[in-house]
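Visitor: Pasted the sequence and its predicted model underneath.
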Amino acid sequence: MTDQSKLIRHGVFLCLLVCTSHITAFDNFITADSNRLMDGKNVFRFISFNIPNLNFVEDEMLFERSHPFGLPTSFEIRDAMESVQQMGGNVIRTYTIPVRRETDTPDIPRYVLAPGVFDERAFTTMDTMLALANETGVRLIVPLLNAWKWMGGRPQYAGFRGKSEDDFWTDSQLMDDFKKTVKYVLQRTNTVTGVPYSEDKAILCWETGNELPCPHSWTRTITAYIKSLDSNHLIMDGYNAFDDRPMREASMTEPTIDIVTSHHYAQNPEDVMAHIHDNMNVVRGRKVYIIGEFGFLSTTAINEILELVRENQAISGALIWSLRYHRHLGGFYWHSEPLGYGLFKAYHWPGFDSGSEYDETNLLETMRNHAFAIQGKPVPPLPVPASPQLLQITHVASISWRGSAGASTYDIERSEAAHGPWETAGTGIQDAAVQYFPLYHDASAEIGKEYYYRVRAVNRSGKSAPSNMIGPVAVNEQAIVDNLDHLMTLYHITGPFELKTDDDRKFKEDMHRLYGEKGTELIYRTPGPITRFKVFAYTENEHSTLEFSVSQENGTFRSVDIQPVSYYSGEGDYAYWRPVLYELNKTDLSGRSLKINFRGKVQISRAEIYFGP
């Protein structure tokens, strides 16, 4: 495959085709005046979001994929920025520059492949991100180094040289290796806009890194180096001022540092606000102060923290953790937060039933109100959503679309002719209801007919124009689709079982699963003869399995032999269970009941049982 075709495959080349000139919404670089950020002559303040996968996807949890990593498409980056815009946000903090990990397979993209070796395809994604930031009017805070292993950082730079991560702060070779990355990034010229990164007004500041437990001597060396390469942009100290660990006095007197930041995840909101006050007492107006991360608190608590931010001119901005955007294959990306007490996930705009446990809709509305207020702007009505893009349909049980920023629900329309008339097949459909599976099943489509489909996006301001049309879609069979969010699709269940809604990261972020063990038995019953089926399951170990049988005319069950397919590639960072697909494609099953017997600890994620007339 050529380099160009690889770019097209990953969706990055799309922006290269359409962005033929540099479009920017910005007149000025953001500057610092004492403890204030300035946009020209105007004070610049913000309340907005961290979007850690804006430049690198770590949550592609498609069942059949062996790893979750990838590069975002231009559609996805634009959706993220438009979502933030609609919430009044004017800044996004990205995550760090990803570095190859020792466990990476060749198909995992990273930005830094080795000391001084960089992946052009990955950096083209960053080019697209900056081009769209200029177009949409969203500024970016870009951290350069990660203290942690998640997307690759300090441990990986040290590992390239066979050294420990503790060596990173003092070893001259490791310092030179990191400087190579800094120089490559700051001196890069954007392939989409033609603008050097050092001259790009969309960049609010460079952050030395994320939660760095570094000595000040290291910070001073790196900030001086950044200033020597780029005199246009501010620098934020990425020192690990975390909860009750306050910022350093040395940072306040360091002339190469423009902005200081702190992160807050204490469970008691009173502690969070006390820690913020502690940091303000350290800063004492000598630097710009940004709350770089906070979250995992009630809506009431978040509201109080944002009121504190708005009322104190000594705080220039605050960024909640975190937001995920629409996925180009349909639905959203999902991320269970390791520090989120088993409750919080990354937010999805404008909030959905799937986030009701952490009050997602009201929390995002609270963020929106404060984001406009801190800029002295009234809260505008939401825009009517843009038309979604309906994706190819292979079966009426597998309908998905690329969602519209700010859409709360979708209406599915169908017709038996391309020119209409159109009827509503489904209404009030939320594209955050399922994770990494098709979004909608047209269960009322009649076998033997053909249909055309289109979709409209809906929010409180109105309904979009219809999407593109897909069809004709022939209905040769129908299906029972069970996402296991309740038990009512099952015909019968016996033995030990439990509906599970916890530890979702171990199960590719699936929020609803049915747990069973030896002795558990399920039965599905279909209106017509079963033609085939697929069962998506997670097993605790290779010995935990499922067995299947189909009913006969005499009422007995005949076992069917299935060779399960495992997509397991190791426990990873989150102790993943083993994803196993049980699939049977057979036209002569004839029975109308499918029995599933558990032979160990298994969690079923989704069942699709197809049947004929």
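Guide: The structure has been received and is ready for your questions.

Visitor: What's the biggest helix in this protein, counting residues?
Guide: Counting by DSSP state H, the longest helix found in the chain is helix 120-136.

Visitor: how about the helices in the chain?
Guide: Using DSSP H, the helices found in the chain span residues 3-9, 13-18, 74-86, 120-136, 154-160, 172-186, 216-229, 249-252, 269-283, 299-311, 360-373.

Visitor: ok, back up a step: now the longest helix of the chain: buried residues?
Guide: Along helix 120-136, these residues count as buried under the neighbour rule (16 or more other Cβ atoms under 10 Å): 121-136. Using the backbone N, CA and C atoms, a C-beta is placed for each residue, glycine as well.

Visitor: quick check: angle from it to helix 172-186?
Guide: For helix 120-136 against helix 172-186, the angle by axes from the mean of the first three to the mean of the last three Cα atoms, to 10 degrees is 50 degrees.

Visitor: Which stretches in the stretch 451-600 of the chain count as strands?
Guide: 462-463, 470-474, 478-482, 492-494, 497-500, 513-516, 521-525, 530-539, 546-551, 557-560, 565-566, 578-585, 593-598 (DSSP state E, counting those that start in this stretch).

Visitor: My guess is T501 contacts D510. True?
Guide: No - the pair T501 / D510 is not scored as a contact, 9.6 Å apart, by Cβ atoms under 8 Å.

Visitor: the more surrounded of these two?
Guide: Looking at T501 and D510 with other Cβ atoms under 10 Å, you find the greater number of neighbours at D510, namely 27 against 13.

Visitor: got the contact list for the more buried one?
Guide: By Cβ atoms under 8 Å, 6 or more residues apart in numbering, D510 lies in contact with 435-436, 504, 605-606.

Visitor: Confirm for me that E211 is in contact with F242.
Guide: Yes - here E211 reaches F242: they are 6.3 Å apart, a contact under Cβ under 8 Å.

Visitor: what's the overlap in contacts for these two?
Guide: Common neighbours of E211 and F242, using Cβ under 8 Å, 6+ apart, are H263.

Visitor: Would you mind telling me which of these two has more residues around it?
Guide: Between E211 and F242, counted using other Cβ under 10 Å, the more crowded position is E211 (21 against 16).

Visitor: if I look at the residue lying closest to the more buried one once chain neighbours are set aside, how far off is L212?
Guide: In space, and not counting its chain neighbours, E211 is closest to N240: 4.3 Å by Cβ to Cβ, 6 or more residues apart in numbering. To L212, N240 is 6 Å away according to Cβ to Cβ, to the nearest Å.

Visitor: Show me where the stretch 151-300 of the chain dips below the pLDDT cut-off.
Guide: Scanning the stretch 151-300 of the chain for pLDDT under 70 picks out no residues.

Visitor: go with 90
Guide: 151 (pLDDT under 90).

Visitor: Over to the chain?
Guide: Within the chain, the stretches with pLDDT under 90 are 1-23, 149-151, 337-342, 540-544, 552-555, 572-574, 586-590.

Visitor: same thing but 70
Guide: For the chain, the stretches flagged by pLDDT under 70 are 1-21.

Visitor: right, and the strands of the stretch 451-600 of the chain - which one's nearest S66?
Guide: Nearest to S66, of all the strands of the stretch 451-600 of the chain, is strand 578-585, at 9.4 Å by Cβ to Cβ.

Visitor: name the helices or strands packed onto the closest one?
Guide: Applying 3 or more Cβ pairs under 8 Å, 6 or more residues apart in numbering; DSSP states H and E, we find strand 578-585 packed against strand 530-539, strand 546-551, strand 565-566.

Visitor: This completes my enquiry, with thanks.
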